[in-house]
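*Asks:* Curious how this folds, go ahead:
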Amino acid sequence: MTDIITNYLTGILLVIGAAFALVASVGLLRLPEFYTRMHAASKAGTLGACVMLIAVAVYTDDTAVASRALAGVVFFLMTAPISAHLLAKAAYAAGYPLWEGSVHDEMPPRGSHQKE
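*Replies:* Just a heads-up that it's a prediction; the model follows:
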């Protein structure tokens with residue numbers, strides 16, 4: 001009985017993780033510019049990968065495999081937002097333009113600060 005519940009839970013988690021990965025890939029194809037594409041890939045892709053790693057941890061009987069999968073989740077959650085932020089800052093500094101439909105640019109160009 002426990003094996004059936006574990007198999008169903010693993011399957012549900014894998015489908016959810018795959019759905020988030022699919023949303024991330026569709027976002028890469030459909031979104032208009034670099035920054036929104038990067039946001040879709042980093043947020044939805046990270047969530048999808050983390051949910052699939054949790055499915056591995058639920059499914060396995062080996063404690064070493066489960067702990068590695070959960071460590072992978074922790075590392076994903078610690079590194080993906082930081083790397084996405086740094087990548088966006090580097091792209092902005094390199095001059096990648098915002099989408100024409102962007103409402104407001106929160107980062108003023110260098111040298112435009114008013115000194116009082």
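*Asks:* what's the average pLDDT for the lengthiest helix in the chain?
*Replies:* Taking DSSP state H as the criterion, the chain has its longest helix at helix 63-94. Mean per-residue pLDDT for helix 63-94: 92.
*Asks:* So which elements touch that helix?
*Replies:* helix 34-59 (3 or more CB pairs under 8 Å, 6 or more residues apart in numbering; DSSP states H and E). For glycine as for every other residue, the C-beta is placed from the backbone atoms N, C-alpha and C.
*Asks:* Just want the angle from the helix it packs on to helix 63-94.
*Replies:* 180 degrees (axes from the mean of the first three to the mean of the last three CA atoms, to 10 degrees).
*Asks:* And helix 34-59, what does it pack against?
*Replies:* So helix 34-59, by 3+ CB pairs under 8 Å, 6+ apart, packs with helix 2-30, helix 63-94.
*Asks:* Which of the residues in the longest one are classified as buried?
*Replies:* If I follow you right, that is helix 63-94. The neighbour-count criterion (16 or more other CB atoms under 10 Å) identifies 66, 69, 72, 73, 76, 80, 84, 88, 92 as the buried residues of helix 63-94.
*Asks:* sorry, back to before: so which of the helices and strands packed on helix 34-59 comes closest to residue 48?
*Replies:* helix 2-30 (3.3 Å; CB to CB).
*Asks:* Please name the residues that touch residue 82.
*Replies:* The contact partners of residue 82, taken as CB atoms under 8 Å, 6 or more residues apart in numbering, number zero.
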